[in-house]
Structures are given as C-alpha cells and as structure tokens.
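Participant: Here you go, sequence then predicted model.
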Amino acid sequence: MIIVLYTVFVTYDDHTNALLQTNMTKPMENAVYQDYPFFADIQVMIFIGFGCLLSFFQRYGFGGMVFNFLTATFAIQWAILIQGFFHFYYDGKIHLGVINLINAEFACAVVLISFGAVLGKTSPVQLLVMALLEVPVFGVAEWIVVKYLKINDAGGSILIHVFACYFGLGVTFILYRPILNDGHSKECTSYQSDMLSVLGTLFLWVFWPSFNCALTLRGDDQHRAILHTFIGLSASTLTAFALSAMLNKNGKLSMADVQNVTLAGGVTVGASVDMMITPAAAYALGMLGCTACMLGYKYLSPFLARRLRVQDQCGIHNLHGLTGLISTVAAICAILWASEETYGPSLYETFSYRAPQKGDPQLAELQELIPGLKAGLGRTAKEQALYQLAALGSTIALAAVGGMLTGLLLKLPYLASPSDAFCFDDELFFNVPADYNQAPVAQDLGCTETQDKQQRSRFRGDVLRKYTQECRPFSKLVTNG
C-alpha cells in the first residue's frame with residue numbers, strides 16, 4: 001500500500017528536483033546544508049537513544065530495541081504521507097525534502113513515547129497498528145494547532161510530549177492487566193540491561209538540543225534554544241542525582257532515576273526554549289521538571305496503576321506529561337511578560353502571530369527595521385496565552401480519545417497479544433540465544449514498582465554474581481550457571 005501511495009503522490013521538492021536547478025542556482029544555499037545536521041542528530045535519538053533506553057528489562061532487550069527499530073521505520077514512512085497531505089501538498093503532489101523527514105521523525109517520536117506505556121505487553125503487530133492509527137490522529141492535532149490555533153511550541157512540549165503521553169495512557173488504560181499490579185516475574189532488570197538503557201539516555205541527552213531547535217528560526221532564536229536545552233538538561237541531571245540519593249532509604253542511587261529523570265529538563269524548557277526566558281529560568285525549569293518527574297515515579301505511577309487502571313510501564317506520564325504541563329505554564333508566563341523592551345523589534349519574529357496584520361501602518365515601520373517580516377494576526381499577549389491553553393486542552397482531548405479508541409482495536413484477538421505469562425519475554429517473538437535461559441527469574445510476584453526500586457544486593461564469588469532488585473520480601477532467584 002505504501003509503495004502505491006508514494007508512487008501516486010510523492011515527488012521531489014524545489015531543493016531536490018534537478019529540473020529546477022539552473023546556472024543561477026547556488027548549491028551551498030540548498031536546504032540540505034541547513035536541515036541535514038538536525039536530521040542526522042534526531043536519527044540517532046530515534047533509533048539508538050530510544051532503542052537502548054527501552055531495553056532495560058532483563059528478558060526483553062530484543063523486544064525493546066528491535067520493536068523500536070521496526071515501529072520507528074514504519075512510523076516515519078507513514079508520517080511522510082500523512083503530514084505531507086496536511087502541510088506539503090500542492091499541485092496534486094506531496095513535495096519531499098529533508099524538512100519532511102525531520103517532521104516525520106517528530107511524529108515518530110510521538111509513537112515511540114506512547115510505546116513506552118505498553119512496553120512488553122504488546123505484540124509487534126499491535127505496535128504497527130498503534131503507529132498506523134496514532135500518526136493520523138497526531139496529524140489532525142498538529143494541523144489544528146499549527147493552522148488554526150497558531151501557538152509557540154518550538155520544542156514540541158505540547159504537541160509532541162503531551163500528545164504522546166496521553167495517547168499512550170489512553171491505550172494502556174484499555175489494555176489494563178490486573179495481574180501486573182502485583183508485579184511480574186520477568187519485570188526485572190539486570191546489570192547489563194541497565195547499562196544499555198543508560199547508554200540510550202546518554203544519546204538522548206547529548207542530541208536533545210538538536211531536537212528542540214531543529215524547527216526554530218535561524219539565528220538568535222536557535223542559539224537560545226540550544227543554550228536553554230543544555231542548561232535545562234544539566235540542571236535536571238544534577239537534581240536527579242541529588243533527589244535519587246535523598247529519596248532512597250539507603251542513600252544509594254537508583255538506575256531508573258538516572259535513565260529517565262535526568263532527561264526531564266529537555267522537556268520542561270521545550271515550549272519556551274526559543275524565548276528570552278533567561279538562563280536562570282532555564283535552570284529553574286530543569287530543576288522543577290526533574291522534581292516533578294521524580295515524585296511522579298515514586299508516588300503518582302503506583303496510584304495511577306492501582307486506582308485509575310493506568311499501567312504506565314515506562315512512566316511516560318512523569319517524563320513527558322507532567323513536564324509538558326510545566327513547560328506549557330512556563331511558556332504562557334514568558335508570553336505574558338514578553339515586550340519590545342526585552343526583544344526589540346524581533347518580538348514579532350519570535351512571536352510571529354503578534355505581528356501587526358496586513359495593512360497596518362505599524363507593519364510597514366517594522367519591516368523597515370526587519371526586512372522580510374511577515375504580517376501576523378495582531379494578537380495581544382493575553383490572546384496568545386489563551387491560544388496556548390486552548391492548544392493544550394485540545395491536544396490532551398484528542399490524544400486521550402484517540403488512544404482509548406486505538407486500545408479498543410488493539411484488543412482484537414487476532415493481533416497476537418502476549419498472554420500475561422509471556423509479557424516482558426523475548427522468547428515469544430524471537431529465536432533467543434542459548435544463554436537467554438540462564439538469566440535469573442524472580443519466582444514470587446510480590447515485587448512492585450520494579451522500575452523504581454532497582455537497588456541491588458550484590459553477592460560476589462569467584463565464579464558468579466547475582467543481582468537482585470530490592471523488594472520486601474526478597475525474591476528467590478534461580479540461576480543456571
């Protein structure tokens with residue numbers, strides 16, 4: 001089906017079509033030189049960062065990484081078509097360039113974040129169906145927000161992180177498995193799987209500035225976006241290490257905190273990342289996002305699972321939902337405080353919808369100072385803030401409803417959903433190596449919050465090591481070897 005759609009509808013854009021190049025064309029002005037570095041960085045985040053991060057389960061490493069690879073590849077191909085019809089369609093064709101790929105990768109990131117809510121509990125067929133349905137719903141939400149509400153959200157905190165979070169929570173709400181509330185024998189990590197997951201965190205951490213600034217205005221806006229993202233990530237990392245030691249009874253660090261909470265600052269600064277919020281504010285947002293994320297993992301996730309039937313496997317509500325809400329509030333404050341005293345005439349570039357409307361004498365005056373400035377909608381700061389709130393509400397509503405409807409379809413019996421016994425188990429879908437069955441398996445199901453309680457008692461011997469998760473009582477481990 002996809003190859004037919006590509007054949008009928010997809011062609012090259014102006015920067016890619018050889019027929020449109022002349023002796024007046026300047027090759028170095030081709031969009032590829034501006035867009036490809038960001039595309040390459042986001043590729044690393046999608047395929048290596050997310051892939052490694054989702055491989056933290058001891059017996060589901062193949063599933064976390066390989067199903068991420070499969071789902072991401074399909075989601076990008078599908079998003080090129082869906083977003084193409086919404087944003088790049090004219091003269092009967094979708095015009096394709098590197099910028100399309102960047103937008104498609106953002107849509108792919110939405111799917112992978114939602115995947116985190118159902119990690120280990122779905123089949124590859126279910127994941128492909130989820131991507132097939134989520135990308136169009138995201139396309140509609142993106143079209144409404146970009147074309148009609150017209151908000152400031154350079155880092156995608158509202159449109160990407162909040163949407164992905166509540167779509168994923170909608171899916172996992174419908175796919176509720178009561179037995180998982182008491183833990184699962186295979187819902188455990190190991191020394192090696194935690195190391196691989198932290199490697200994914202490091203890839204995401206390093207390349208997150210590219211993610212946040214890829215679609216910002218070139219120049220000072222993009223420069224600020226890079227600075228604010230790095231500062232926010234740095235602040236959340238330091239805060240995460242401090243809180244992890246403080247909140248654990250034995251004063252040791254939790255690998256789950258290192259893997260996830262350290263990234264909170266990248267989301268929290270996202271909606272205001274290109275604004276003049278000051279470096280100190282970026283640092284404060286990183287700390288605030290980290291604190292909310294940490295407390296969410298410790299207290300909110302267990303509450304959602306037991307009381308509201310929302311089993312958030314990777315804690316996406318903490319890393320993407322809570323931080324996305326904080327980012328929205330921060331952006332609204334930044335919009336309300338923005339003035340020409342702080343920005344100068346470039347206020348109407350950063351907040352393009354506040355620029356005077358066409359025919360307004362003030363627009364001509366501003367265009368003398370900023371050549372190329374386009375007419376805006378003449379919104380006031382308060383009006384723009386209200387549109388930000390409207391975008392948040394509509395995004396959550398579309399995501400939650402779309403997620404629940406998708407969950408209903410995923411419950412169909414012929415989509416090969418794993419049984420409770422085979423959740424978090426690679427053996428159901430892969431030919432596993434001989435040493436797979438040598439991994440220790442907890443026999444009792446009394447361990448809860450296994451993502452959050454990853455402190456281990458280490459028993460060293462001359463021949464073997466055993467790593468067990470801290471729980472009460474300790475699970476008896478069985479090893480071969």
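Facilitator: That came through fine. Numbers count the residues shown, from 1 in each chain.

Participant: can you give me the helices in the stretch 151-300 of the chain?
Facilitator: 163-174, 191-213, 220-247, 255-260, 264-268, 279-295 (DSSP state H, counting those that start in this stretch).

Participant: Go through the third one and flag the buried ones.
Facilitator: Of the residues in helix 220-247, those buried by neighbour count under the rule 16 or more other Cβ atoms under 10 Å are 221-222, 224-241, 243-244. From N, CA and C alone the C-beta is placed, and that goes for glycine too.

Participant: and that helix, what does it pack onto?
Facilitator: helix 191-213, helix 255-260, helix 264-268, helix 279-295 (3 or more Cβ pairs under 8 Å, 6 or more residues apart in numbering; DSSP states H and E).

Participant: Could you pull up the mean pLDDT of it?
Facilitator: Mean per-residue pLDDT for helix 220-247: 97.

Participant: Next, the angle from that helix to helix 191-213.
Facilitator: 150 degrees (axes from the mean of the first three to the mean of the last three Cα atoms, to 10 degrees).

Participant: chain center to helix 220-247: distance?
Facilitator: Here the centre of helix 220-247 is set off from its chain's centre by 16 Å, with Cα atoms, centre = their mean, to the nearest Å.

Participant: got the angle between it and helix 279-295?
Facilitator: Angle of helix 220-247 versus helix 279-295, following the same axes, to 10 degrees, is 40 degrees.

Participant: What residues of stretch 189-199 count as buried?
Facilitator: 189, 190, 193, 194, 196, 197, 198, 199.

Participant: Do a quick rundown of the strands in the stretch 51-200 of the chain.
Facilitator: 89-90, 93-96 (DSSP state E, counting those that start in this stretch).

Participant: by contact count, what packs against the first one?
Facilitator: Read that as strand 89-90. Checking 3+ Cβ pairs under 8 Å, 6+ apart, strand 89-90 ends up next to no helix or strand.

Participant: Same list (the buried residues of stretch 189-199) but as JSON lines, adding pLDDT and distance to residue 261.
Facilitator: Converted to JSON lines, those look like this (pLDDT from 0 to 100; distance: Cβ to Cβ, whole Å):
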{"residue": "189", "pLDDT": "89", "distance to residue 261": "16"}
{"residue": "190", "pLDDT": "91", "distance to residue 261": "21"}
{"residue": "193", "pLDDT": "93", "distance to residue 261": "18"}
{"residue": "194", "pLDDT": "94", "distance to residue 261": "14"}
{"residue": "196", "pLDDT": "95", "distance to residue 261": "18"}
{"residue": "197", "pLDDT": "96", "distance to residue 261": "13"}
{"residue": "198", "pLDDT": "97", "distance to residue 261": "12"}
{"residue": "199", "pLDDT": "97", "distance to residue 261": "17"}
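
Participant: which regions of the chain sit below the pLDDT cut-off?
Facilitator: Scanning the chain for pLDDT under 70 picks out 438-481.

Participant: longest helix anywhere in it?
Facilitator: helix 381-410 (DSSP state H).

Participant: so what does it touch, helix or strand wise?
Facilitator: Helix 381-410 packs on helix 124-143, helix 163-174, helix 323-337, going by 3+ Cβ pairs under 8 Å, 6+ apart.

Participant: pretty sure residue 349 is touching residue 370, no?
Facilitator: Yes. Contact criterion Cβ atoms under 8 Å: residue 349 and residue 370 qualify, at 6.5 Å.

Participant: higher neighbour count, the two?
Facilitator: residue 349 (21 against 15; other Cβ atoms under 10 Å).

Participant: Next, the more buried one: phi, psi?
Facilitator: Phi and psi for residue 349, reported as degrees, to the nearest 10, are phi -90, psi -50.

Participant: Now for it: which residues touch it?
Facilitator: 217, 221, 355, 370, 373 (Cβ atoms under 8 Å, 6 or more residues apart in numbering).

Participant: will you turn those into TSV that also has distance to residue 395?
Facilitator: Listed next are these as TSV, based on distance: Cβ to Cβ, whole Å:
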residue	distance to residue 395
217	23
221	23
355	24
370	31
373	29
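
Participant: between those, which is nearest residue 157?
Facilitator: Set against residue 157, the nearest of the contacts of residue 349 by Cβ to Cβ is residue 221 (16.0 Å).

Participant: got the contact list for the closest one?
Facilitator: The neighbours of residue 221, taking Cβ under 8 Å, 6+ apart as the test, are 154, 274, 349, 350.

Participant: can you rerun that using 6 Å?
Facilitator: 274, 350 (Cβ atoms under 6 Å, 6 or more residues apart in numbering).

Participant: how close does it sit to residue 275?
Facilitator: Here the criterion is Cβ to Cβ, to the nearest Å. By it, residue 221 lies 8 Å from residue 275.
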